[in-house]
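Peer 1: Here is a sequence with its predicted model. Questions after.
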Amino acid sequence: MEKYLLRNIDNPDSADLDEYVKAGGYKALAKALEMTPADIIGEVKGSGLRGRGGAGFPTGMKWSFAAADPKRPKYLLCNADEGEPGTFKDRPLLEKNPHLLIEGMVISGYALGAEYGYIYLRGEYPAAKDILEGAIRQAREKGYLGDNILGKGIAFHLAVHQGAGAYICGEETALIDSLEGKRGQPRIKPPFPVNEGYLSKPTVVNNVETFANIPYILEIGANAYSRIGSSDCPGPKLYSVSGHVKRPGVYELPMGVTLREIIYEHCGGIAGDKKLKAVIPGGISTPVLPADMIDCPMDFVSMPKHGSMLGSGAVMVFDETVDLVKVCLRATKFFEHESCGKCTPCREGVGWMRSILERIVNGAGTGGDIDLLLEVSKNIIGKTFCPLGDGAASVVQHFIKHFRNEFEKRIDKSKVGASA
C-alpha cells in the first residue's frame, strides 16, 4: 500500500511548511474551501472513516451531531494525549508531519463551523510541542490559519495545550475538564460533548490520526477511500508494534490487515526466532490473545468477534520467555496509578486486584485467589464513568481466561482450595 499518513516523513525537513506544500500539502484545504460544509461532512460520512483513538465511532456521524447544534461558538479538539502503554502511532505525525494534522483540523473546523481549535498534547512529548507550535506559526504566516484563510473569509485559530501526564485525560470528557482548568476527571454522559463540551458549547474531539485522514478523503474522494482495506472500517491505519519482534515500529497498512501479517510479514517475525506466546493487539487495555488466535483482521468490527478489540492499534508482542502473570500485574499497577479516583469500583477494585496479583507473584497466593480476581473484576466492569475501570478488569479476566495455568502454577498446591 502506498503511504499517505507517513509519506514524506523520511525527508529530514518534513515538518517544514514549504516541504509539506512541495509534497502536495494544503491542496485538500483549497479544495475544501470550494465546497459547502455539508458537502464535506457528506464526504466524511461516505468515506466510512471511524475515529482512530480507540472507540471507532463513525467520524461523519459525530460531526453531523455537532454541526446541527445551533449553539455557538463551536470548538474542535484534537486528542494528542497518547498515554496508552504500547501506543506511539501519533508521535511520527506530530513530530514529522504536523502540517497534515493542521490541514485536517482546518478542514474539519470549516465543516463544523468551529473557529477555535486546541491540540491537547501528551505532557511527555516536549519535542512535539515545539514542532507543532512552529508549524502553527508557519501556517498562520502563510494564510492557512487565522481570520481569512486563503482569502476566503473563513476563520480558524489553533493552539497547543500540553497536558500534565494523566492517562485519564485521554478520555474525551476528562480532556475537556482539564482544558477548562479543572481536575481531569470524566463526566457522566449524556449530555455528550457534541452538544455540551468545552465551555458547555458543541465540541468535537477527534484523535490525531483521525484528523490526518481528512485531507486524504478529500484528495481521493469518499468512494476511493471507502475501498481501502476493510469494508466495515475502511482507510489506512497506523499500527505501533513493540515487544519481541525483529522490526518494531509504526506501520501504515490498510485497515483489516491480520495480526499475523503484521507480526510475521511486516515486522519480520519473533526476535531470536523464538515462539510467539501472546499478543496484546490494541494497547494495554485491550484483551490479550494467545498465539493461536492471531488470524484476526485488525479493525473495529472484526476484533470483537475474535475476543479482543482494535483499540489504538498498539500491538504488543510477547515471546515464549515472558512471565504473563507479571505482565498482568504490571498492567494492573498502571491502571491503579492512573485511576482518577472518581468511581469507587475503579478506585478500590483495581487496587484490590493489584494486591491479589502481588500476593500470587510473591508466592503467597491461595487456591481461591484466581476466582476472587474474577469476582472483583466483575464488580468493576460496567460500573464506572469511563472505560478505565473496564479496561483494567478486562485485562485481568482475559489473562486468566487464556493463561490460567500460569496463575495456577504460581500458587502453592498445598493451598489449593484454601480460603482467600
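Peer 2: Received the coordinates, thanks. Residues are numbered from 1 along each chain as shown.
Peer 1: Check which residues of stretch 256-267 are buried.
Peer 2: Neighbour counts over stretch 256-267 (16 or more other CB atoms under 10 Å) mark 256, 257, 258, 259, 260, 262, 263, 264, 267 as buried. Using the backbone N, CA and C atoms, a C-beta is placed for each residue, glycine as well.
Peer 1: and the most centrally placed residue in the chain, what does it touch?
Peer 2: Centroid-nearest residue in the chain: residue 53, 3.0 Å away (criterion: CA atoms, centre = their mean). By CB atoms under 8 Å, 6 or more residues apart in numbering, the residues touching residue 53 are 79, 170, 206, 207, 209, 210, 312.
Peer 1: Looking at those, which are in helices?
Peer 2: Taking DSSP state H as the definition of helices, these contribute 209, 210.
Peer 1: before we move on, back to that, make sure the residue nearest to the centre of the chain is indeed in a strand.
Peer 2: No. Secondary structure of residue 53 (DSSP: H, G, I helix; E, B strand; the rest coil): coil, not part of a strand.
Peer 1: What confidence value was assigned to it?
Peer 2: Looking at residue 53, its pLDDT reads 89.
Peer 1: Please apply the same query to residue 414.
Peer 2: According to the prediction, residue 414 has pLDDT 39.
Peer 1: For the stretch 251-400 of the chain, just list every one of the strands.
Peer 2: Listed in chain order, the strands of the stretch 251-400 of the chain (DSSP state E, counting those that start in this stretch) span 276-280, 289-290, 314-319.
Peer 1: need the strands for the stretch 101-250 of the chain, in chain order.
Peer 2: So, for the stretch 101-250 of the chain - with DSSP E, counting those that start in this stretch - the strands run 114-121, 157-162, 203-207, 236-243, 249-254.
Peer 1: Figure out which of those strands is closest to residue 218.
Peer 2: strand 236-243 (14.7 Å; CB to CB).
Peer 1: Show me what the closest one packs onto, helices and strands only.
Peer 2: Judged by 3 or more CB pairs under 8 Å, 6 or more residues apart in numbering; DSSP states H and E, strand 236-243 is in contact with helix 208-220, strand 249-254, strand 314-319.
Peer 1: Alpha carbons of the last one, as CSV, please.
Peer 2: As requested, the backbone C-alpha atoms of strand 314-319 are provided in CSV (Å, rounded to 0.1, in the frame of the first residue of the first chain):
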residue,chain,number,x,y,z
ALA,A,314,-0.9,-0.8,19.5
VAL,A,315,0.4,-4.3,19.0
MET,A,316,2.5,-5.6,22.0
VAL,A,317,4.2,-8.9,21.3
PHE,A,318,5.4,-11.4,23.9
ASP,A,319,7.6,-14.4,23.2
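Peer 1: Please parse the protein into its domains.
Peer 2: Domain ranges of the chain: 17-226, 236-319, 324-415, per automatic domain parsing.
Peer 1: who are the neighbours in contact with the residue lying closest to residue 3 once chain neighbours are set aside?
Peer 2: Leaving aside its sequence neighbours, residue 3 sits nearest to residue 252 (CB to CB, 6 or more residues apart in numbering; 5.0 Å). Contacts of residue 252 were listed using CB under 8 Å, 6+ apart, and they are 1, 3, 4, 5, 6, 236, 237, 238, 239.
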